[in-house]
Each structure stands twice: as structure tokens, then as C-alpha cells.
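got a sequence here, can you model it:
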Amino acid sequence: MATQWQTFPIEFRGGLISNLSPLQQGSNAVGSATILQNFESSKEGGYSKIKGFEKFSTTAVPGSGPILALKVISSGRIVVARQNASNVTEYYYGTGTTWTSLLDVDGITTSGIRPLLGGKAKHVLYNLNGSDKVIFVDSNNYPATYNTSGNTFTPITGSTDVLGAENVAVFKDTAFYAKGNNLYFTAPFTVDDFSAANGAGSINVANEITGLAVFRDQLIVFTTDSIKRITGNTAADFQVAPITDRIGCVNGDTIQEVGGDIMYLAPDGIRLLSATDRIGDFGLDIASDPIAKDATTFLGSTPNFCSVLMREKAQYRIFAYIESEQHEAAKGLIATKFVSQGASGISWSTTYGIKAFVADSKYSGTAETVAFANTDGYVYELDTGSGFDGLPIEAIYESPYMPLSDPQVRKSFYKMTLYAEPTGSMSLDLNVKYDFGSSTNTGVIQPATQSVESTGTSVFIFGESSSNFAQADSNDATQVDTSWPLYDSTKSYATYGGELDKIYNTNIIGSGKTIALRIEDNSTNPTFTLDTALLEFRQNDRQ
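This next block holds a predicted model:
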């Protein structure tokens, strides 16, 4: 009698989950992950290995200590700040080569105000007169504006109230500076007029302000213990109303608007501030609930965080910063939104190897530039290349233990078919694990690691330094004509029209009541997407 094989599909989706018991996850969330490191949930489906990062400039920003400010002005210009030799905060702009100081050589600004060493700087981009400008505040100095049209840097010294401002926002063509419990706002259409006669003023919100965010037609004020909103147009009708008095934001560097919601770090996890169908009402979901265990460990590792928005992917990334930690051990979380509002459509994963103290992103034309920096003095462009500044990216997917059918019946496994979308060379390590990885059950054999490799024709990318294009020999389209004038025997040449394999068949062995898959890539190979896996097995008789 022929053996009856069965097929079990695993569609890679759902992201990282750590708030379910092992058997519940393996039964009810097939395709989710117990480990999803350096992968991201793709908007086209499946899990994609993240891209890496490369230096924006091979020249380090002068000075010492961490980069204190980072603002992406365009795809080719970034403004940063760092402690200089005089122990003050000095700003620089760069276009990918050297860094040009925005201060005089002795550390005195053009207005004669000598800055102190500030903390991590917050910033906001605004345009009130046709010219893009950026306001920086650093908790110690006067606010300052950077004019993108002339690369000028000017302190705002019109009021001592804003000396040491900690947060800044531009709302209703008015600049709001937060310091302690107070918000100081300027006259309309200015960022430096603090005259009450012209419409400037102040608001006390009763709690220490940790962050500001403009959300639709409101200014959201985050404090340590509450969240409030300001509506209105001028000092004559600005009104403060509470959103919640029960919970606040513990770190303003984590506030980002993504996919129609605001994500931020609260005492109990990463939360969403979402507008609801009811006018003036908000939802406050805990977005990190599906990864409760991972989030607790991550959020308890340090008080220092930064975040960045990747708009093309509807993605929020938050990074934990520990100064003494090696780059390879630096951790982060990725949240990808699949629905317009609410936490139910968020897919999570983790990052290892991206050490970020400050980060920022900006659309420039049709391209998005994402950058970060830490203590080594370099600015890095994120989501580019296939390595971490030349080092391998260790990407790991591990599934929950899946019973497939009855968790009390043993199955014999024979074959796994992996559907993937490589963009270049791909070499994966596959591990199959049975019965929760038991090492005490002598009746279960855990198979050795197997390799899954792309075997299709190599694909060369125009413009890559490793790609060399030449005419082919007329007798054999796969051979380069060695009589070609530019032929170089030390180089490899492209084969045109090649396609990469998308289906990978692997024979597997062993039997067990539950099965888990672990797929690893630790290389500088290009990104790829895990789409679906098919397991072929035979179900044994109940014992």
C-alpha cells in the first residue's frame, strides 16, 4: 500500500510574537516567529532581510563623545552637532565629504553668544517665508535656527524663558518651546518674537513636558504623567484639553507619527495614540503587547532611546542605546503597520547590530534618506547596502513549534519546499527541530544543519563596483568575447537575462509530534524575502 503523504503550508506572516504559550502560537499563529532578527515584514508579503547601512561620509564629525544632533536636510546634506575641543556644542553640515563648521573657529557664533555643552538636541523643520529652516533645542543653550538656503546658523535670544528649551514644535505658524512644565509660544508667523503685544504667550501644563507632536489640527503635549492637546489658532483661542491623565510618555525621542497614528514609549510599553471615529476622541492601545516579553527586556535595558520613521515602508524603528555596548550587540525593534489605524495590524521584529544614539529621516524628491549616528563620530545612511558598514548581517527566523494536526500524534517528515524571492546570491542555513528541542528524549533525533542556496544564473546590477559588463561571444551567449578591447582576465563578467531560483527543495529527516524551522543568514549577501514553506510528512498511527 502506498504511503500517504500530506502537505502543510507555512505562510510567513504575523511577525514576532512572544505573548502566547508555545503550543498556542504554533497552533493559532502559523507563520509567525519566536525569533525574527534583522528581518522586516514586507508590505508585499513575507519576511525580508533588512538592508544594511553605509557611511554617509568617510570623514568623522570633529570633536568627541556622541553625535548630539542629526537632521537630514536632503538626500545629500545633513546637519549634526558634537562636543568640540572647547567643551561646547558645535554644529556642522556635510554633503558627503568633509564637515563644515557653522561656528567661528573659537566657538563663538556670529551673534557673539558662546554656547555651552548641550544635551541631545531636538529639532523641527518649518517654512514660514518660502525658505526651509530648522530649529534646534538642546536643553542648555538658546534655541537656534539653521537656514537651508544659506547654511547659516543663528541663535534665538529674544527671551531668557527659552534658554535651555527642551522640546520644540511649529503649530499654526507659531513656534512652541517646551521647558519644564511650561510652553512658550511666539507671535504668529515668527519663531523669535516673544512680545505679548504681538500675540506671544505661555501655557503651564502642570507636568514636565517630555515631547511635542503636531497631529492633524492639534498640538499633542506629552508629559511624564499625562497627554494633553492644544487646539485653536492664536493666543486668543488656544485651549488645552486632556487626552489622558493616567499615563504619559517617558522618552520624547521615541515619538513618531506613522500610518495615521503616533507611536511613543510609555511606562508600560510602546503605545499608539490614534484618532477614533468619535470626534475629539482618541484610542491609546499598547502596540507592543504581542511582543510583551521581548519589549520588557528591551525597554528595561537602558533609559536612552531614539527612533526613526521609514515612510515608504510604514515602519517605525526604535533603538536602545548603551554606550559601553559593542555595535554588534546593539538592539532595536521594528514595527510595520499594515492597517491605517490601531495596533491590530502591526507586525514586529528585532534588529541587532545598529547602534544609534540619534536618528532622522526625510523624503527628498521621491527618495527617502534615513540616517543615524552614535559615539564613533560617523554618520551612517540606513537601509542601504547589504552589510553593516561592510560587516555581515545576521538574520534569523525561527518559527514556533507547530503540531500541524494532532499534537499527540507523531509525524515523519520527508521534504521542505521553500518559496523565496532573492535579489542576488543567497545562502541560508536551515535547522529543523522536533518536540520543543528536547535533549532528554532519546527517541527524538535533532537533524544537522542543512544549506539552502540559490543556484540560478548570477544577476548583475548596473552601477555596482563588482559588476563588469561586456559583449558576449557570438558562438556562445554565456561566454565573453576575449578579443573585446576592454576584456580583463582578472574580472568576472555579466550574463544577460539571468533569473534567480525562487523554489528550493530540501530533503529533511526525522520525526516528532511538533516541528519548528530556523532559517539563518549571516552574510553580506543582498536582501531576500521568505514567502512560504511547504512541509511534506506522513502522519503515523496513534501510540
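
run through the stretch 401-543 of the chain and note the low-pLDDT ranges.
438-443, 455-499, 543 (pLDDT under 70).

same check on the stretch 251-400 of the chain?
For the stretch 251-400 of the chain (pLDDT under 70), the answer is 275-281, 341-342.

now the strands for it?
Secondary structure of the stretch 251-400 of the chain (DSSP state E, counting those that start in this stretch): strands at 251-258, 261-266, 269-275, 282-283, 305-310, 315-320, 331-337, 346-352, 358-364, 367-373, 379-382, 393-398.

and the strands in the stretch 51-200 of the chain, which stretches?
Using DSSP E, counting those that start in this stretch, strands in the stretch 51-200 of the chain cover 53-55, 64-74, 77-83, 89-94, 99-101, 122-126, 133-137, 144-147, 152-155, 167-171, 174-179, 182-185.

identify, out of the ones you listed, the most deeply packed stretch.
strand 174-179 (a mean of 26; mean count of other Cβ atoms under 10 Å). C-betas here are computed from N, CA, C, even on glycine.

using PDB, write out every CA atom in it.
C-alpha atoms of strand 174-179 as PDB (Å, rounded to 0.1, in the frame of the first residue of the first chain):
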ATOM      1  CA  THR A 174       3.700  79.600  15.700                       C
ATOM      2  CA  ALA A 175       6.800  78.300  17.400                       C
ATOM      3  CA  PHE A 176       6.200  76.400  20.700                       C
ATOM      4  CA  TYR A 177       9.200  75.900  23.000                       C
ATOM      5  CA  ALA A 178       8.800  73.500  26.000                       C
ATOM      6  CA  LYS A 179      10.800  73.900  29.200                       C
END
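
so what does that strand touch, helix or strand wise?
Helices and strands touching strand 174-179, by 3 or more Cβ pairs under 8 Å, 6 or more residues apart in numbering; DSSP states H and E, are strand 167-171, strand 182-185, strand 209-215.

contacts for the helix or strand that comes right after the longest one, please.
Same thing as strand 209-215. The C-terminal neighbour of strand 209-215 among helices and strands, as given by DSSP states H and E, is strand 218-223. Counting by Cβ atoms under 8 Å, 6 or more residues apart in numbering, strand 218-223 makes contact with 169, 171-172, 176, 178, 181, 183, 205-214, 227-231, 240, 243, 248-249, 252, 255, 262, 264, 273, all of which sit outside it.

redo that, cut-off 7 Å
For strand 218-223, the external contacting residues (Cβ atoms under 7 Å, 6 or more residues apart in numbering) are 169, 171, 176, 183, 205, 207-213, 227-231, 248-249, 252, 255, 262, 264, 273.

that strand pairs with which strands?
strand 209-215 (antiparallel), strand 227-231 (antiparallel) (DSSP bridges).

adding distance to Ala187, write the ones you listed out as JSON lines.
Compiled in JSON lines, the strands paired with strand 218-223 are given as follows (distance: least, Cβ to Cβ, whole Å):
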{"stretch": "strand 209-215", "distance to Ala187": "18"}
{"stretch": "strand 227-231", "distance to Ala187": "16"}
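
just put those in JSON lines and tack on mean neighbour count, mean pLDDT and distance to Ser288.
Formatted as JSON lines, those follow (neighbours: other Cβ atoms under 10 Å; pLDDT from 0 to 100; distance: least, Cβ to Cβ, whole Å):
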{"stretch": "strand 209-215", "mean neighbour count": "22", "mean pLDDT": "96", "distance to Ser288": "18"}
{"stretch": "strand 227-231", "mean neighbour count": "21", "mean pLDDT": "95", "distance to Ser288": "17"}
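
quick one: residues contacting Phe537.
Contacts of Phe537 by Cβ under 7 Å, 6+ apart are Trp5, Gln6, Phe8, Leu404, Lys411, Ser412, Phe413, Tyr414.

out of those residues, which are buried?
Phe8, Leu404, Lys411, Phe413, Tyr414 (16 or more other Cβ atoms under 10 Å).

ok, back up a step: figure out which of the strands of the stretch 251-400 of the chain is closest to Glu54.
With Cβ to Cβ as the measure, strand 379-382 is the member of the strands of the stretch 251-400 of the chain nearest Glu54 (5.6 Å).

check the offset of the closest one from the chain's centre.
Centroid displacement of strand 379-382 relative to its chain, using Cα atoms, centre = their mean, to the nearest Å, is 12 Å.
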